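1. A structural model of the following input is requested.
(2 chains)
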Amino acid sequence: MSPNPQPAVEVSGLVKRYGSKTAVDGLDLVQQPGTVLALLGPNGAGKTTTVEICEGFRRADDGSVRVLGLAAGSEELRPRIGVMPQGGGGYPGIRAEEMLNLVAACAKNPLDPKWLIEVLGLGGAARTPYKRLSGGQQQRLSLACALIGRPELVFLDEPTAGMDPQARRLVWDLVCALKDDGVAVLLTTHLMDEAEALADDVVIIDQGRVVAQGTPAELTANRPDDQQLRFRARPGLDTSLLSAALPEGLKVREATRGAYVVEGHIDPQVVSTVTSWCAQQGVLAEELTVAKRSLEDVFLELTGRELRS
Amino acid sequence: MTTFAPGTFKPAPGRGSLPKMLFVHARTEAMLTLRNGEQVLLTVLIPLALLVALSVMSVIPMPEPRVGSATARIFALAIISSAFTGQAIALGFDRRYGVLKRLSASALPRWLLVAGRVCGALVVVALQITLLAVTALVLGWRFPLSGLPWVVLLIILGTLTFGALGVLLGGSLRAEIVLALANIIWFALLMAGGVALSAPVGFIHLLPSAALAEALETSVVHGTAPGAGPVAVLVAWGVVAGALATRTTRLT
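-> This is a model prediction of the structure:
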């Protein structure tokens, strides 16, 4: 591949308001070509609005958006990008294969629609009208439509929503193959494992602002005092007794029924103390693991644990 | 490691050829209309039944030559059915199912999205008119061939005007509301809008339905150019509806 210093996506100071509500509030992000960027955030954080502005479906109220160095939504840009809108899209009465053929006709060098239909596991549904496809099948067809034109950059808005685990694995595999072939992928998700598994860079947004960004490794970086020891045992153990047996600075809680978490600086001595304390209590500590913070922990820390309305 | 050979998705972007895109899009639109049972009922079967009824049932007042007048009016009805009611309902549900968003995210230019729909609608109207014309000839219609160019022009003008009105209705409201309104308006225009019967009162002549029926009657029955009045009415409705529709039409 020839070196291409131009970012795939470059957003700066993006603002979008709906009436009195500010959906995106001064958002900046840069995606390098050929990388996978995950836009992560709770519902209503502004993910879809941001992506739809990049795709050219909505206009920014302020700030600048350049996609492959071009203005978002320009006719020049659209053949170069692939878009999977949230919830898909198709004529209600069109057959899956006809829809893909129609989108393929819009591209200069399309992938083979028959092959792509099979790859996405839609071979059996190729002649099914769009409105009779299941939600997951509509999503897969939409993904096929996004990829058929061999784009340089693909926008996937919640690509695995409504998909079964097999289909999710397939989408992950496709995203990895795209990246290996030099296609940049910008995806939105609220699935932590998805972001962790696929993304080179993660941008966490909340209430229209970037609250954290970096590689998954950076975001979950193992600060020495920021580890967890987790184990399962009979519910209702007196955690204050365990706390007293452990060195200062370690916190113990029963996170959910029977699931215990020790947080802080976990060293071999701590593990030994926990297991011998359990032995004294006459309980078997099951599924004992020492782990760094997960992306989910980071996410919940930054965006709060309360449900959003 | 993925299960795909390296290079499978190597970027090779670009837009397809314009004539091919237009052809495939228009073919898709026409095919989907003809595949939809309700659309066929509305655009073909009802006009066909009415053509036969108006031609042979003398209880309905109809100027002589009876079959010719009926043919002109049913041509107008067929155009309204397909370009207005059919287009509005299809657009309402297409928006619901996100196809406009899907297609406008592809390399299809926006103007082609409109052009493809227009060409698809013209193909359907051409098929309708052919079927109705053959039936009318069997029923004894004598078509003065001098009217042919005018009839063709009026069919195109009528399709564009009612198509613009259909897009205006189907492009902004919820699909169920579009469905109800498009059918009610169709029925109202047929009964009281100067289609089935010539307009008894003055202001009805200002409706596009009456204008189309009158203009077609002149060319279909007498083989002469339509009056400037009805043509002006049609053009005015078309221009206003088109201008409004470009502002109000939403993708979803």
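
2. Find the nearest non-adjacent residue to the closest residue to chain B within the stretch 101-250 of chain A, please.
-> With C-beta to the nearest C-beta, the shortest gap between the stretch 101-250 of chain A and chain B falls at A:Lys108, namely 3.0 Å. Heads up, the C-betas are built off the backbone N, CA and C, glycines and all. Of all residues not flanking A:Lys108 in the chain, B:Gly14 sits nearest, at 3.0 Å (C-beta to C-beta, 6 or more residues apart in numbering or on different chains).

3. you'd agree the one you found is up against A:Ala107?
-> Yes. Contact criterion C-beta atoms under 8 Å: B:Gly14 and A:Ala107 qualify, at 6.7 Å.

4. So which of these two has more stuff around it?
-> Under the criterion of other C-beta atoms under 10 Å in any protein chain shown, the comparison of B:Gly14 against A:Ala107 puts A:Ala107 first, with 23 against 16.

5. I'd say that one and A:Ile148 touch.
-> Yes. The pair A:Ala107 / A:Ile148 is scored as a contact, 6.2 Å apart, by C-beta under 8 Å.

6. who's in contact with residue 141?
-> With no chain named, the answer covers chain A. A:Gly88, A:Gly90, A:Ala96, A:Met99, A:Leu100, A:Leu120, A:Leu122, A:Tyr130, A:Leu133 (C-beta atoms under 8 Å, 6 or more residues apart in numbering or on different chains).

7. not quite, I wanted chain B
-> B:Pro65, B:Val67, B:Gly68, B:Thr71, B:Ala133.

8. out of these, who has the most neighbours?
-> Going by other C-beta under 10 Å, B:Thr71 tops those with 27 neighbours.

9. Quick check: nearest residue in space to that one, chain neighbours excluded?
-> B:Ala136 (4.1 Å).

10. would that neighbour count as being in a helix?
-> Yes. Checked against DSSP: H, G, I helix; E, B strand; the rest coil, B:Ala136 lies within a helix.

11. Quick one: the helices in the stretch 1-150 of chain A, in order.
-> Per DSSP state H, counting those that start in this stretch, the stretch 1-150 of chain A carries helices over the ranges A:47-55, A:96-105, A:113-119, A:135-147.

12. for those helices, which one sits closest to B:Leu173?
-> Nearest to B:Leu173, of all the helices of the stretch 1-150 of chain A, is helix A:47-55, at 22.1 Å by C-beta to C-beta.

13. now for that closest one, which elements pack on it?
-> Helix A:47-55 sits against strand A:9-18, strand A:21-31, strand A:36-40, strand A:62-67, strand A:153-157, strand A:184-189, with contacts defined as 3 or more C-beta pairs under 8 Å, 6 or more residues apart in numbering or on different chains; DSSP states H and E.

14. And the contacts of it?
-> A:9, A:11, A:14, A:16, A:23-24, A:27, A:29, A:39-41, A:58-60, A:65, A:67, A:72-73, A:81, A:83, A:85-86, A:155, A:157-158, A:186, A:188, A:205, A:208, B:105.

15. still on that earlier bit, tell me which residues touch the residue nearest to B:Thr71, please.
-> B:Leu51, B:Ser55, B:Val67, B:Ala70, B:Thr71, B:Ile74.

16. just checking, B:Arg117 touches B:Gln87?
-> Yes. The pair B:Arg117 / B:Gln87 is scored as a contact, 7.5 Å apart, by C-beta under 8 Å.

17. more neighbours, those two?
-> The neighbour comparison of B:Arg117 against B:Gln87 (other C-beta under 10 Å) goes to B:Gln87, with 31 against 23.

18. Work out for me the element that one sits within.
-> Taking DSSP states H and E as the criterion, B:Gln87 maps to helix B:87-96.

19. and the helices of the stretch 1-150 of chain A as a markdown table, adding distance to A:Val298 and mean pLDDT?
-> Shown next, in a markdown table, are these (distance: least, C-beta to C-beta, whole Å; pLDDT from 0 to 100):
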| stretch | distance to A:Val298 | mean pLDDT |
| --- | --- | --- |
| helix A:47-55 | 17 | 94 |
| helix A:96-105 | 37 | 96 |
| helix A:113-119 | 34 | 96 |
| helix A:135-147 | 27 | 94 |
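
20. Next, the buried residues of stretch B:16-31.
-> Judged by neighbour count using 16 or more other C-beta atoms under 10 Å in any protein chain shown, the buried positions of stretch B:16-31 are B:Gly16, B:Met21, B:Leu22, B:Val24, B:His25, B:Ala26, B:Arg27, B:Thr28, B:Glu29, B:Ala30, B:Met31.

21. so where's the stretch 101-250 of chain B shaky on pLDDT?
-> Scanning the stretch 101-250 of chain B for pLDDT under 70 picks out the ranges B:199.

22. mind listing what whichever residue of it sits closest to chain A touches?
-> Residue nearest to chain A within the stretch 101-250 of chain B: B:Arg102 (3.0 Å; C-beta to the nearest C-beta). Shown in contact with B:Arg102 (C-beta under 8 Å, 6+ apart): A:Pro85, A:Gly88, A:Gly89, A:Gly90, A:Val103, A:Ser142, A:Cys145.

23. From the residues you listed, list the ones also adjacent to chain B.
-> Restricting the contacts of B:Arg102 to those near chain B by C-beta under 8 Å from any C-beta of the partner chain leaves A:Pro85, A:Gly88, A:Gly89, A:Gly90, A:Val103, A:Ser142, A:Cys145.

24. which residue sits closest to the residue nearest in space to the middle of chain B, ignoring its sequence neighbours?
-> Chain B has B:Ala83 as the residue nearest its centroid, 1.7 Å off, counting by C-alpha atoms, centre = their mean. With sequence-adjacent residues excluded and distances taken as C-beta to C-beta, 6+ apart, B:Ala83 is closest to B:Phe162, at 3.8 Å.

25. From A:Ala8, how far off is that neighbour?
-> B:Phe162 sits 45 Å away from A:Ala8, going by C-beta to C-beta, to the nearest Å.

26. Neighbour count for those two, which is higher?
-> Shown here are B:Phe162 and A:Ala8; by other C-beta under 10 Å, B:Phe162 has more neighbours (31 against 25).

27. neighbours of the nearest residue to A:Gly135 once chain neighbours are set aside, just the number please.
-> Leaving aside its chain neighbours, A:Gly135 sits nearest to A:Gly162 (3.9 Å; criterion: C-beta to C-beta, 6+ apart). For A:Gly162, the neighbour count with other C-beta under 10 Å is 15.

28. For chain B, just list every one of the helices.
-> Assigned helices in chain B, in chain order: B:18-35, B:37-40, B:46-56, B:66-79, B:87-96, B:99-104, B:110-138, B:148-170, B:175-192, B:208-217, B:228-248 (criterion: DSSP state H).
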